[in-house]
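Asks: Take a look and give me a structure for this.
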Amino acid sequence: MTFVQIIDFETDRIDEMRALADEMGNQLAGGENSPTRRLILRDRSRPGHYLGVIEFNSYEEAMRNSDDPETSKFAERMAALCTRPPSFTDCDVVDMTDFT
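Replies: Numbering: from 1, shown residues only. A predicted model of the protein is given here:
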């Protein structure tokens, strides 16, 4: 079952955050437990508020990715760019529909 982690964060350094996310994405690309998709959303009504939606093939792959020391380093670097600690929500994807 597809699994998604939602990262709720605030930052006034979004360009640095995106560069960090790109760096991590390049490092993880093609790995056994790597995310399959990343979506970064900007809240239009709350400046500096963002949601990162990270998709994995399964919960188990996501947990193995979370256990990777490189992921821990990324999380520390990400938190340093935030104006408040990020929060994480873990979700099983029950339904997904492409309308294109």
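
Asks: Assign P85 to helix, strand or coil.
Replies: strand (DSSP: H, G, I helix; E, B strand; the rest coil).

Asks: Spatially nearest residue to it (excluding sequence neighbours)?
Replies: Using CB to CB, 6 or more residues apart in numbering and skipping the chain neighbours, the partner closest in space to P85 is A79 (6.2 Å). All C-beta spots, glycine's among them, are computed from the backbone N, C-alpha and C.

Asks: So what pairs up with Y50 in the strands?
Replies: F9, R42 (DSSP bridges).

Asks: I6 is in contact with that one, correct?
Replies: No - with contacts counted by CB atoms under 8 Å, Y50 stays clear of I6, the gap being 10.7 Å.

Asks: Those two: who's more crowded?
Replies: Legend: neighbour count by other CB atoms under 10 Å for Y50 and I6, higher for Y50 (19 against 15).

Asks: ok, now how distant is that one from R18?
Replies: From Y50 across to R18, the span is 10 Å (CB to CB, to the nearest Å).

Asks: what residues are shared contacts of the two?
Replies: I40 (CB atoms under 8 Å, 6 or more residues apart in numbering).
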